[in-house]
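S.K.: Return a 3D structure for these sequence lines:
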Amino acid sequence: MKWLFILLLLTNLAILGWGLQRDPDRAMATTKVSRDIGDLQLLSEVKAEQPNPIVEEKTVDPQPGLAPKQDLAAIPAPEKSLDVPVVDSKADAAVSQSSDRKEPTEPPPPVCGAFGPFERGAEARAIAESLVGQGMDASLRRESMEKPIGFWVLIPPLSSQQAAIEKVKQLRASGIEDIRRFVKGDLKDGISLGVFSNKSNAQKRQQEVANKGHRADVVPRLITVPSYWIDYRSDQSGVERAEARLRESEGEIKNEQYPCSRVVTSGGIF
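M.R.: You can find the predicted model right below:
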């Protein structure tokens, strides 16, 4: 093996010498080195040391008298002034339209009350239905009331039955007729001197008894009868129209107004 290695080495040297003799200029070109060139590196070595080479751009001097061109990307955008308001034409139009519009006014509060009293239920019911047909809230309500049906001329109840009997004897002795003694009720032991349809006739009888030395009173004779009221809720103008029509058809009629928060428990709707 040693001799084989020496043989190959000598063969290579012989080939090298033969080649130099044939092309001496090439050999000089490969070995000639310029002065002051510095250390040489292969291009692959340079790329390996600096993966992102920086390329230096050449700058061109501006022409005399002209300002140099600036990079637009490097110039900062002007800041917006906070003092300058942004005008929105659509918003201004909406504001002007809203200012021209009148603000809706709230409707007036409702008015509540009752028309009455009515003596006949059928009549009151018909009137209530008519008011409902005119747009009012109306409901029929029944109550009891004392109605005067005449005037009593009487002597108030005495202290006892015996005192009442003695008083009757005295009246008859004075020439007074048409005498009755109450034997029960609130007027027990009182004495009736007559019932009259109007007050003036009752007062004449009272004076006649007084002229004969006896004191008597004039008292209304009352009976309990049903009465009907129409509770309503409406605006003021509707109430005034309804009241005017009722006065034309029914004559004197009451219009008792009360707060709408009042609750009627005897059949009313409020």
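S.K.: where along the stretch 51-200 of the chain do the helices fall?
M.R.: 89-100, 121-133, 161-173, 199-211 (DSSP state H, counting those that start in this stretch).
S.K.: Tell me the helix or strand right after the last one.
M.R.: Looking back up the chat, that one is helix 199-211. Once the chain leaves helix 199-211, the next helix or strand it forms, by DSSP states H and E, is strand 217-234.
S.K.: Any buried residues in stretch 200-216, and which?
M.R.: Residues of stretch 200-216 classed as buried: 201-202, 205-206, 208-209, 214, 216 (neighbour count, 16 or more other C-beta atoms under 10 Å). Where you see a C-beta, it was placed from the backbone N, CA and C, and this is true even at glycine.
S.K.: now stretch 159-177
M.R.: Neighbour-count burial for stretch 159-177 [16+ other C-beta under 10 Å]: 164, 167, 171, 176.
S.K.: contact partners of that stretch?
M.R.: Residues from elsewhere that reach stretch 159-177, judged by C-beta atoms under 8 Å, 6 or more residues apart in numbering: 155, 157-158, 179, 181-182, 189-191, 193, 208-209, 212-214.
S.K.: just checking, next helix/strand downstream of the helix or strand where Ala242 lies?
M.R.: According to DSSP H and E, Ala242 maps onto helix 236-250. Tracing the chain past helix 236-250, the next element assigned as helix or strand by DSSP H and E is strand 254-257.
S.K.: Do a quick rundown of the strands in the stretch 51-200 of the chain.
M.R.: For the stretch 51-200 of the chain, the strands defined by DSSP state E, counting those that start in this stretch cover 111-118, 137-155, 180-181, 191-196.
S.K.: What is the neighbour count of the spatially closest residue to Lys199 that is not a sequence neighbour?
M.R.: Leaving aside its sequence neighbours, Lys199 sits nearest to Phe151 (C-beta to C-beta, 6 or more residues apart in numbering; 5.2 Å). Phe151: 22 surrounding residues under other C-beta atoms under 10 Å.
S.K.: wait, what's in contact with Phe151?
M.R.: Phe151 makes contacts with 195-199, 201-202, 218-221, as judged by C-beta under 8 Å, 6+ apart.
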